[in-house]
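> My questions concern the predicted model and sequence given below.
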Amino acid sequence: MVLDGRRVTQFASNDYLGLSRHPLVVEAGIDALRKYGNSATASRLICGNHELYPKLEKRLADLKGKAAALVFPTGYMANLGALSALVGTDDLIVMDKLNHASLYDACRLSGATVKRYAHNNLEHLEKHLAQAGRYRRRYIVTDGVFSVDGDLAPLPELVDLARDRDCRLVIDDAHGTGVLGPAGRGTSAHLKTEVPLEIGTLSKGIGALGGFVVADRETIEFLINKARPFIFTTGLPPATLAAAASSLEVMADEPWRQERVLKLAKYVRSALENAGFTVSQGPTPIIPIIIGDEQTTLRMAAACLENNLFVPAVRHPTVPLNQARLRMTLSAAHSDAEVEMSIEILCREGRKTGLI
């Protein structure tokens, strides 16, 4: 990419499978642009709906093993729409403290009582649920893959807890879809469990734009009639829908992309850890390099950029104080040479800075 006039190799995007520039995906978008024009021109419930939507929604439902899917303009709006429609003022939501901001906003917008449990702490979650008798319904809400650290929610345990406590479990699998599980089905498939309602995005592994909800048909029909971000927003551009559907086809036809990005993630994580860096564990292509001090983190990011390597710094308030880090993300589109170059630069600058 070109950053402030400088050509750099970036390890920062969420294009995990490298599909955003795939020739077939680009061509599908161009063809739809020529056929349908540049805009849906209205909300889907007026005249912004057309034949590209059911094609994409069927592919998403099939990918996730659900009966139906509903596409929203963004993943953020999918979270807002689903939770504000399904949950009400007499309900309780207990959510992971490190959930994405869109989930937090969605839970607040629902009007429900919202409590947060310490990250992946099932004992803390159970304490909240044990005091939840007076609420009409109870929900557990979590990311599947947490966006800053790339670690996974303990979904099998959460499924069991939701069943035992008569709760409904909702996950946002934005960073797991396309990356984890057989055929890229996501975090629940990776962990061999079943979550009845999942929210996701088209803007990460799928390399397009948009959000979606997958669930049973009754829930999807309810959202069509109740989810305000769906009802009152212009539909996605036809080119975006066609590109997303094409990405799902390519993802199925080229499974090596998922295999490669996971292999690269394992290799880079191991190489950095062996060099002396503190990195989070897990299978995902999100690799945070924990540094702590903000100024040192910014110096490392700047030193990398001087070497034409873009690995962004993440600091407070996105992460807690004294937990600043470089957030490195990998893509199947990265070459072996680019990966080796990134490790070499990080290690060299890490030694200069005294981190390793």
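Thanks, I have the structure now.

> For burial, what's the neighbour tally of the residue lying closest to residue 20 once chain neighbours are set aside?
Excluding the flanking residues, the one nearest residue 20 by CB to CB, 6 or more residues apart in numbering is residue 207, at 3.7 Å. C-beta coordinates here come from the backbone N, C-alpha and C atoms, glycine included. By other CB atoms under 10 Å, 27 other residues sit near residue 207.

> so what's residue 207 up against?
15, 17, 18, 19, 20, 21, 22, 25, 243, 247 (CB atoms under 8 Å, 6 or more residues apart in numbering).

> Tell me the secondary structure at it.
Following DSSP: H, G, I helix; E, B strand; the rest coil, residue 207 is assigned to coil.

> Please tell me how far it sits from residue 19.
3 Å (CB to CB, to the nearest Å).

> so what's in contact with these two at the same time?
Joint contacts of residue 207 and residue 19 (CB under 8 Å, 6+ apart) are 25, 247.

> The chain: helices as residue ranges?
23-36, 52-64, 75-86, 101-109, 122-130, 155-164, 187-190, 217-226, 228-231, 238-253, 256-275, 294-306, 336-353 (DSSP state H).

> Take those and write them to a markdown table, including mean pLDDT, distance to residue 179 and mean neighbour count.
Shown next, in a markdown table, are the helices of the chain (pLDDT from 0 to 100; distance: least, CB to CB, whole Å; neighbours: other CB atoms under 10 Å):
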| stretch | mean pLDDT | distance to residue 179 | mean neighbour count |
| --- | --- | --- | --- |
| helix 23-36 | 97 | 17 | 16 |
| helix 52-64 | 97 | 12 | 20 |
| helix 75-86 | 98 | 15 | 25 |
| helix 101-109 | 96 | 19 | 20 |
| helix 122-130 | 95 | 24 | 16 |
| helix 155-164 | 97 | 15 | 16 |
| helix 187-190 | 98 | 9 | 24 |
| helix 217-226 | 98 | 24 | 15 |
| helix 228-231 | 96 | 25 | 19 |
| helix 238-253 | 98 | 10 | 22 |
| helix 256-275 | 98 | 6 | 17 |
| helix 294-306 | 96 | 24 | 17 |
| helix 336-353 | 97 | 17 | 16 |
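
> Name the stretch from the ones you listed that approaches residue 2 most closely.
helix 294-306 (12.6 Å; CB to CB).

> what packs against that closest one?
Here helix 294-306 touches strand 313-314, strand 324-329, helix 336-353, going by 3 or more CB pairs under 8 Å, 6 or more residues apart in numbering; DSSP states H and E.

> And stretch 147-164, how far out from the chain middle?
15 Å (CA atoms, centre = their mean, to the nearest Å).

> now could you export just the CA positions of that stretch as CSV?
Presented in CSV, the C-alpha positions along stretch 147-164 are these (Å, rounded to 0.1, in the frame of the first residue of the first chain):
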residue,chain,number,x,y,z
SER,A,147,-10.5,-8.4,17.5
VAL,A,148,-7.5,-7.0,19.4
ASP,A,149,-5.8,-10.1,20.7
GLY,A,150,-7.1,-12.7,18.3
ASP,A,151,-8.1,-15.2,21.0
LEU,A,152,-11.2,-17.3,21.0
ALA,A,153,-14.3,-17.4,23.2
PRO,A,154,-14.8,-20.7,25.1
LEU,A,155,-17.9,-21.5,23.0
PRO,A,156,-18.5,-25.1,24.1
GLU,A,157,-18.6,-24.0,27.8
LEU,A,158,-20.8,-21.0,26.9
VAL,A,159,-23.2,-23.2,25.1
ASP,A,160,-23.5,-25.6,28.1
LEU,A,161,-23.9,-22.6,30.5
ALA,A,162,-26.6,-21.0,28.3
ARG,A,163,-28.5,-24.3,28.3
ASP,A,164,-28.2,-24.9,32.0
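
> Map the structural domains onto the sequence of the chain.
Per automatic domain parsing, the domain ranges recorded for the chain read 23-253, 255-353.

> Endpoints of the last one, how far apart?
With CA to CA, to the nearest Å as the measure, domain 255-353 spans 39 Å from end to end.

> circling back to that earlier point, pick out whichever of the contacts of residue 207 sits closest to residue 255.
residue 17 (10.1 Å).

> show me what contacts that closest one?
178-179, 184, 205-207, 247, 251, 257-258, 261, 331-332.

> hmm, 7 Å instead?
Applying CB atoms under 7 Å, 6 or more residues apart in numbering to residue 17 gives the contacts 178, 205, 207, 251, 257, 258, 261, 332.

> doesn't residue 184 make contact with the fourth one?
Yes - contact criterion CB atoms under 7 Å: residue 251 and residue 184 qualify, at 5.6 Å.
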